[in-house]
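K.L.:
Sequence and predicted model, in that order:
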Amino acid sequence: MEIFAHRGASGSRPENTMAAFLEAAVLPIDGVELDVHLSSDGVPVVIHDETVDRTTDGSGYVKDMTLVELKQLSAGCRFADEFSGERIPTLREVLELFRGKPHRLNIELKSDVFPYPGMREKVIGMVKEFGIGDRVILSSFDHVTLEAAKREAPEIETGMLFVEILADAPADAARIGADALHPALPFAIREPGRHAAAEGAILRVFTVNDPVHALLVRDAGAQAIFTDYPAKMLELFK
Ligand code: G3P
Ligand code: MG
């Protein structure tokens, strides 16, 4: 079973921070997942929500704040005081951190609510600049953006994110040129997911923190899990 640290090692460090990515980078896991939005001055930044409210000491939409404004916020103080110095990372900072490392990087394009004009092109450009197209996976719940990404950079793998138990996900993925299915747990362990895996589809499943769920996912034939607890899952599957 391949293990991807979800938002970095977000069970033990504040999600989508350098602390979470540093923790993941020293583990012998397969990859790391991170979420990208765009600042008002057009910089891809690594944060999960459209707003900074849940994960920082600020409030407001990421799209309305410049990088300088975003960098003033603490991205760790809500997790624990000792992480109050953590900032919202830029995508470039995270790519620098993993430069030369073996980990696969799953960059999730969070254009589901706000379209972030130019974000997809900037992310693809940065992946090419770093020369890491062979170890990046672009994913999104925004299948329109994902289809466009595959058209623009066919050499970069794409993963179709979804939460429903879709009747024929492999056909849906094929229509948008996606290379893999990135389903929530229920699809993966029910018949449509099992069938897709048996037919050769690549399934990477989110977000799997329960060992019982993890074993069900493995038995259903999925290739990878996204987990907040990568060290715990390494123990389970060793
Ligand atoms: O990419 C897997 C997972 O991160 C998708 O859901 O909401 O945690 O970004 P979410
Ligand atoms: Mg995500």
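P.N.:
The structure has been received and is ready for your questions. Numbering: from 1, shown residues only. Ligands and ions are numbered 1, 2, ... in the order given.
K.L.:
and the protein, which residues reach ligand 2?
P.N.:
Selection of the chain residues close to ligand 2 by Cβ under 5 Å from the ion yields 35, 108. No exception for glycine: its C-beta is placed from N, CA and C like everyone else's.
K.L.:
Quick one, grab the pLDDT at the residue of the chain found nearest ligand 1.
P.N.:
Across the chain, the shortest distance to ligand 1 (Cβ to the nearest ligand atom) belongs to Phe206, at 3.6 Å. As predicted, Phe206 sits at a pLDDT of 98.
K.L.:
Quick check on it: phi, psi?
P.N.:
For Phe206, the backbone dihedrals are phi -120, psi 160 (criterion: degrees, to the nearest 10).
K.L.:
Tell me, how many residues neighbour it?
P.N.:
Summarising burial for Phe206: neighbours were counted as other Cβ atoms under 10 Å, giving 23.
K.L.:
The protein: strands as residue ranges?
P.N.:
Taking DSSP state E as the criterion, the chain contains strands spanning 2-6, 31-38, 44-46, 104-109, 136-140, 157-162, 180-183, 204-205, 224-227.
K.L.:
if I pick Glu15, what's in contact with it?
P.N.:
Going by Cβ atoms under 8 Å, 6 or more residues apart in numbering, Glu15 touches 7-8, 48, 55, 79, 228.
K.L.:
cool, and Glu152?
P.N.:
Remark: with contacts taken as Cβ under 8 Å, 6+ apart, Glu152 is in contact with 120-121, 124.
K.L.:
so which of the residues you listed comes closest to ligand 2?
P.N.:
Nearest to ligand 2 among those: Arg120, at 15.7 Å, using Cβ to the ion.
K.L.:
Not counting sequence-adjacent ones, nearest residue to the residue nearest the centre of the chain?
P.N.:
Most central residue of the chain, judged by C-alpha distance to the mean C-alpha position with Cα atoms, centre = their mean, is Glu33 at 3.2 Å. Excluding the flanking residues, the one nearest Glu33 by Cβ to Cβ, 6 or more residues apart in numbering is Asn106, at 4.2 Å.
K.L.:
Who does that neighbour form a beta bridge with?
P.N.:
Applying DSSP bridges to Asn106 gives these bridge partners: Glu33, Ile137.
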